[in-house]
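Novice: only geometry, no sequence info:
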């Protein structure tokens, strides 16, 4: 899991999860709210996806957050 701040200074928890049909996704959860967002990340296993998350620079995570699908 990672923690990032968006351009507005809001704090987000970022974790990986498996979705439908074996898709591996990033789950962005607003720390001080109930907003959830989701984006694809490469990885054939949960471990590989978490390793890829650890390697992503913070500015790339912010970019993916901006393009992520709102859940719910």
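Specialist: Yes, it's here. As the structure is a computational prediction, the values presented were derived from the model and not from experiment. Residues are numbered from 1 along each chain as shown.
Novice: chain center to stretch 20-27: distance?
Specialist: The gap between where stretch 20-27 is centred and where its chain is centred comes out at 11 Å by Cα atoms, centre = their mean, to the nearest Å.
Novice: stretch 45-65 too?
Specialist: For stretch 45-65, the separation from the chain centroid amounts to 7 Å (computed by Cα atoms, centre = their mean).
Novice: roughly how far apart are the residue nearest the centre of the chain and residue 5?
Specialist: Geometric centre of the chain, nearest residue: residue 26, 3.2 Å, by Cα atoms, centre = their mean. Applying Cβ to Cβ, to the nearest Å, the value for residue 26 to residue 5 is 16 Å. Where C-beta positions appear, they are placed from N, C-alpha and C, glycine not excepted.
Novice: I'd assumed residue 53 was in contact with the residue nearest to the centre of the chain.
Specialist: Yes. Residue 26 lies in contact with residue 53 (Cβ atoms under 8 Å); the separation is 6.7 Å.
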